[in-house]
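Trainee: Curious how this folds, go ahead:
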Amino acid sequence: MFGKKKKTHTKQQPYNPQKQTPAIRASICTGEQVAGFQDNETGKFEEAVFIRGEKDLEEFCIQYAVRREDIKKIW
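Mentor: Take a look at the predicted model:
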C-alpha cells in the first residue's frame with residue numbers, strides 16, 4: 001500500500017539503421033550521458049543504456065552492432 005512506486009519499463013524497440021541514428025544524449029550541467037537512438041523523421045530520442053563509463057559504451061556498441069564513429073552526440 002505504501003512505499004515506492006515500481007517503475008514499469010517500456011520494451012526497447014530493435015535498432016533500425018534506415019529509420020534511426022545512434023546517439024548519446026549528454027547533459028551540459030551534470031555530464032550525465034545516455035546512449036540510444038534518434039528517429040530520423042521525428043527527432044524523438046529513445047533511451048537504451050545509461051553510460052557510466054567506457055565499459056557501458058562498449059557494451060552498447062556490441063549489443064546493437066554500432067560503431068563508435070557512427071554515434072553522434074546530442075546536447
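Trainee: Helix, strand, or coil at residue 30?
Mentor: Recorded secondary structure, residue 30: coil (DSSP: H, G, I helix; E, B strand; the rest coil).
Trainee: Now for it, how many residues are close by?
Mentor: 7 (other CB atoms under 10 Å). In short, each C-beta sits where N, CA and C put it, glycine included.
Trainee: For stretch 49-63, buried residues please.
Mentor: 49, 51, 57, 60, 61 (16 or more other CB atoms under 10 Å).
Trainee: for stretch 37-50, same thing?
Mentor: 37, 38, 45, 48, 49.
Trainee: what's the pLDDT at the closest residue to the first one other than its chain neighbours?
Mentor: Among residues not flanking residue 37 along the chain, residue 20 sits closest, at 4.0 Å (CB to CB, 6 or more residues apart in numbering). For residue 20, the pLDDT comes out at 94.
Trainee: again with residue 11
Mentor: For residue 11, pLDDT reads 57.
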